[in-house]
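Participant: Show me how the following folds:
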Amino acid sequence: MGGDVVEARSWAGELKALHDRFVHRFARSEPRESALAYMQGLVAPLERKNGWTLAEEAGHAGPDRIHRLLNRIDWEADEVLDDVREYVLEHLGDREAVLIVDDTGFLKKGERSAGVQRQYSGTAGRTENCQVGVFLAYATGRGRTLIDRRLYLPTSWTDDRDRCRRAGVDDTVGFETKVAMARAMVRRAIEEMIPFGWVTADAGYGYSKGWRTELERADVFHVMATTRHDTVVTRWAMDHPVHDLFNGLARQQWKRRSCGEGAHGPRVFDWARVEVRPWHREDRRHWVIARRSVRRPEEISYYIAYRPADTTLDQLVRVAGTRWAVEECFQTAKQECGLDDYQVRRYPGWHRHMTLAMAAHACLTVLRARELDAAKAETDPPPLSPSASPSSGV
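Facilitator: Below is the predicted model:
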């Protein structure tokens, strides 16, 4: 019990420190206090995290203050997100970090929630009535968390401006594909000089030749999943199907490697790569990478990579495996921070909830990184003092 109290004090203090970074974004005391109470409720061990339960946790008589924070009081969620991102970079910033793009679904009833329609939800694994958000994750060796988000609006919404207005969608917000949203978020990360070394995404995004070309022109290194039907330039063809590149590949060219820990232990596959896009600059290379199931060798996934010429297969495998970190972010943010537990229908309210839930998740991620650092410091031997060093003659 004592440990639980200490842990609660720890996250409460850190959440307050994070809140202090963006408290100036609110003009009045009520939304400032409500924003902190909202985040505290999101990380509290509540079975449900809706307006009533969060209000009760905060000691409010009803959910009115929570609803005003999300729907009526004027504040810019993007500005708060900028402050949260700075917090993440201050504590987790790493030049070898991986930016990961993915989307996740939020099951909804009715037709009034912004962006809702029957569409495929990766969360459910089928077509459901849901909203879909596109997110950008920041993954390092010390932790991973979400740093950007956008609500996807299908054409059934953007073609009906009256419906959009009723849901708080400004007339300037037009239709964007999920890939266009991903490109915009990564472009913003580049412009803001966020430290990172790689970009990765699943085949729904990596299949876009236009996006891969944009990243290459910016000299942004990437490992992007793609489909077997994708084509690349080789010495033999301008549109060479990627699945044809590995037919008859010598057995010794396949390397068995783990691409990270999964729910049931290391994710082990057989990997191979073939260089493509010849006649490119001397210090850069393009590869198509194949990932083959050990138990079912007929199951092969493909990636396209752009990186310095001396990059090893092991490095590419590590980045490809990092993509699963965004799934972990979605899972923990939903389970621990109420990412999917909201009762807002309007477009601005969705972004406000997501921003505060992402702030709560970032806070917990930073705390866990500190715990890892402390545990490592306890197990690592102390450095030798100068008087005891081998060169001292002692």
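Participant: hey, let's count contacts and neighbours off CA atoms from now on
Facilitator: OK.
Participant: Show the contacting residues for residue 230.
Facilitator: Neighbour list for residue 230: 207, 241-242 [criterion: Cα atoms under 8 Å, 6 or more residues apart in numbering].
Participant: redo that, cut-off 10 Å
Facilitator: 203, 206-209, 239-243, 302-304 (Cα atoms under 10 Å, 6 or more residues apart in numbering).
Participant: Same check on residue 224?
Facilitator: Counted by Cα under 10 Å, 6+ apart, residue 224 has contacts 100, 198-208, 212, 288-289, 302-306, 319-320, 323.
Participant: quick one: secondary structure of it?
Facilitator: strand (DSSP: H, G, I helix; E, B strand; the rest coil).
Participant: Name the nearest residue to it, ignoring sequence neighbours.
Facilitator: Spatial nearest neighbour of residue 224, excluding adjacent residues (Cα to Cα, 6 or more residues apart in numbering): residue 206 at 4.6 Å.
Participant: burial measure for the one you found, as a count.
Facilitator: Neighbours of residue 206 under the rule other Cα atoms under 10 Å: 24.
Participant: and residue 126, what pLDDT?
Facilitator: Note for residue 126: predicted pLDDT of 89.
Participant: wait, doesn't it sit right on residue 107?
Facilitator: No - between residue 126 and residue 107 there is no contact under Cα atoms under 10 Å: 11.1 Å.
Participant: Any chance of the contacts of residue 230 in JSON lines with distance to residue 224, secondary structure and pLDDT as columns?
Facilitator: Below are the contacts of residue 230 laid out as JSON lines (distance: Cα to Cα, whole Å; DSSP: H, G, I helix; E, B strand; the rest coil; pLDDT from 0 to 100):
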{"residue": "203", "distance to residue 224": "7", "secondary structure": "helix", "pLDDT": "96"}
{"residue": "206", "distance to residue 224": "5", "secondary structure": "helix", "pLDDT": "97"}
{"residue": "207", "distance to residue 224": "8", "secondary structure": "coil", "pLDDT": "96"}
{"residue": "208", "distance to residue 224": "9", "secondary structure": "coil", "pLDDT": "97"}
{"residue": "209", "distance to residue 224": "10", "secondary structure": "helix", "pLDDT": "95"}
{"residue": "239", "distance to residue 224": "18", "secondary structure": "coil", "pLDDT": "91"}
{"residue": "240", "distance to residue 224": "17", "secondary structure": "strand", "pLDDT": "93"}
{"residue": "241", "distance to residue 224": "16", "secondary structure": "strand", "pLDDT": "94"}
{"residue": "242", "distance to residue 224": "13", "secondary structure": "helix", "pLDDT": "95"}
{"residue": "243", "distance to residue 224": "15", "secondary structure": "helix", "pLDDT": "93"}
{"residue": "302", "distance to residue 224": "9", "secondary structure": "strand", "pLDDT": "98"}
{"residue": "303", "distance to residue 224": "5", "secondary structure": "strand", "pLDDT": "98"}
{"residue": "304", "distance to residue 224": "5", "secondary structure": "strand", "pLDDT": "97"}
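Participant: What subset of those residues is buried?
Facilitator: Among the contacts of residue 230, those buried by neighbour count (16 or more other Cα atoms under 10 Å) are 203, 206-207, 240-243, 302-304.
Participant: anything in contact with each of residue 126 and residue 107?
Facilitator: By Cα under 10 Å, 6+ apart, the residues touching both residue 126 and residue 107 are residue 118.
Participant: and those two? which has more neighbours close in?
Facilitator: Each of residue 126 and residue 107 has its neighbours counted (other Cα under 10 Å); residue 107 has more, 18 against 11.
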